[in-house]
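S.K.: Sequence below, structure please.
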Amino acid sequence: MNKTLDSINALIKQVEKSVIGQPHVIKALVIGLLTKGHVLLEGLPGTAKTRSVKSLADTMSASFGRVQFTPDLLPSDITGTIQYQDNNGTPLLTFQQGPLFNNLVLADEINRAPAKVQAALLEAMAESTVTVGDTSHQLDEIFMVLATQNPVEQEGTYPLPEAQMDRFMMKVNVDYPDDDAELDIIRLVRTEEKSALVVEQMTQLKIDPKLFLTARKQVSDIAVSAVVERYMVALVMATRQPKRYPDSPLASWIKTGSSPRATIALDKCARAHAWLSGRDHVLPDDVRSIAHSVLSHRITLSYDALADDIDGKEVVNTLLDNVLIG
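M.R.: I've put the predicted structure just below:
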């Protein structure tokens, strides 16, 4: 019996009670924590992106920081600043930590921030450090950035370059809920308005964030067969050399393929997915389950694909249909 796995699966079920109709989002956030990666959430307003992250932070008793990205934001607004203080006539410089010094950091509408702010966030994501002046400050072992993007309002934004998109372990599209889920949302909000006690009871499960450190060690022990390894490599290579599949439209859709980070991310996320399923080895279905989240944002579409309204999801679907296992 794996108590760590049981605790994390209980966490997922608990968060799903307060976030209706988005189970794939919750699972992606947990996989991000298990793989020490970062997640990009893209969806229209009101699709519970912020609620998902806050509910996860509350349930795992983690510190939570939120930054609303705007065009006038400065790097120091997220990293922190050096402040001058007068200590009985003696000048004293102290570092005031910014919101990046939390376990879970919500970067809301990341594409509204200028390049310098995005670069400061990128350092924290890639190195788990924040550099202010000539001093580097280490971030917590449990650290994950959840960035959100609104795919509709693009006026006055700074779209993330492909190199920065590649830094995100996964990109998750958050769609509108269906009829039944929408009805459950109404009832949930009505219940929350009636009694704060009910909400408190819903979030009574608390786990130690350090549990994810134990889980990461177990995920690293998940076995991956040579067949599955070759399958992951074949998927990534198909994005770089789509002409290998002349019977598919991939060559006309893909302008630039995925980097080696995609292969690494497929391996890590597939192992985490297998671990959450209670297995000690990766199946091809684990790879297929996380392929969209790992690959779609790492593929640059051609002009022909954009003109035909082809998106990353359809490209990955075609990859999965054409790339054979074994």
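S.K.: Could you list which residues are in contact with the residue of the chain most remote from its centre?
M.R.: Within the chain, Gly89 marks the point farthest from the mean C-alpha position, 47.2 Å out by Cα atoms, centre = their mean. By Cβ atoms under 8 Å, 6 or more residues apart in numbering, the contact set of Gly89 is empty. Every C-beta, even on glycine, is put in place using the N, C-alpha and C of the backbone.
S.K.: Break this protein down into its domains, please.
M.R.: 3-180, 221-322 (automatic domain parsing).
S.K.: quick one: which of those domains is nearest Glu193?
M.R.: Glu193 sits nearest to domain 3-180 of all the domains of the chain, at 13.9 Å, using Cβ to Cβ.
S.K.: what does the average pLDDT come to for that closest one?
M.R.: On average, the pLDDT along domain 3-180 is 85.
S.K.: What are the boundaries of the strands in the stretch 1-150 of the chain?
M.R.: Using DSSP state E, counting those that start in this stretch, the strands of the stretch 1-150 of the chain run over 39-43, 64-68, 80-87, 90-97, 104-108, 129-132, 135-138, 144-149.
S.K.: want to throw the ones you listed into a markdown table with mean neighbour count?
M.R.: What follows is the strands of the stretch 1-150 of the chain, written out as a markdown table (neighbours: other Cβ atoms under 10 Å):
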| stretch | mean neighbour count |
| --- | --- |
| strand 39-43 | 23 |
| strand 64-68 | 17 |
| strand 80-87 | 11 |
| strand 90-97 | 11 |
| strand 104-108 | 25 |
| strand 129-132 | 17 |
| strand 135-138 | 12 |
| strand 144-149 | 25 |
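S.K.: Who are the contact partners of the residue most central in space within the chain?
M.R.: Residue closest to the average C-alpha location in the chain (Cα atoms, centre = their mean): Val39, at 1.1 Å. Counting by Cβ under 8 Å, 6+ apart, Val39 touches Ala28, Leu29, Gly32, Met144, Val145, Leu146, Ala147, Phe168, Met169, Met170, Lys171, Val172.
S.K.: give the contact list for the nearest residue to it once chain neighbours are set aside.
M.R.: Nearest non-adjacent residue to Val39, counting by Cβ to Cβ, 6 or more residues apart in numbering: Gly32, 4.4 Å away. By Cβ under 8 Å, 6+ apart, the contact list for Gly32 reads His38, Val39, Met144, Leu146, Met169, Met170.
S.K.: Of these, just say which sits nearest to Ala120.
M.R.: Using Cβ to Cβ, those come closest to Ala120 at His38, 14.2 Å.
S.K.: Kindly tell me how buried that closest one is, as a neighbour count.
M.R.: By other Cβ atoms under 10 Å, 22 other residues sit near His38.
S.K.: tell me the contacts of the nearest residue to it once chain neighbours are set aside?
M.R.: Distance criterion Cβ to Cβ, 6+ apart; nearest residue to His38, sequence neighbours excluded, is Val145 at 4.3 Å. Neighbour list for Val145: His38, Val39, Val105, Ala107, Leu121, Ala124, Met125 [criterion: Cβ under 8 Å, 6+ apart].
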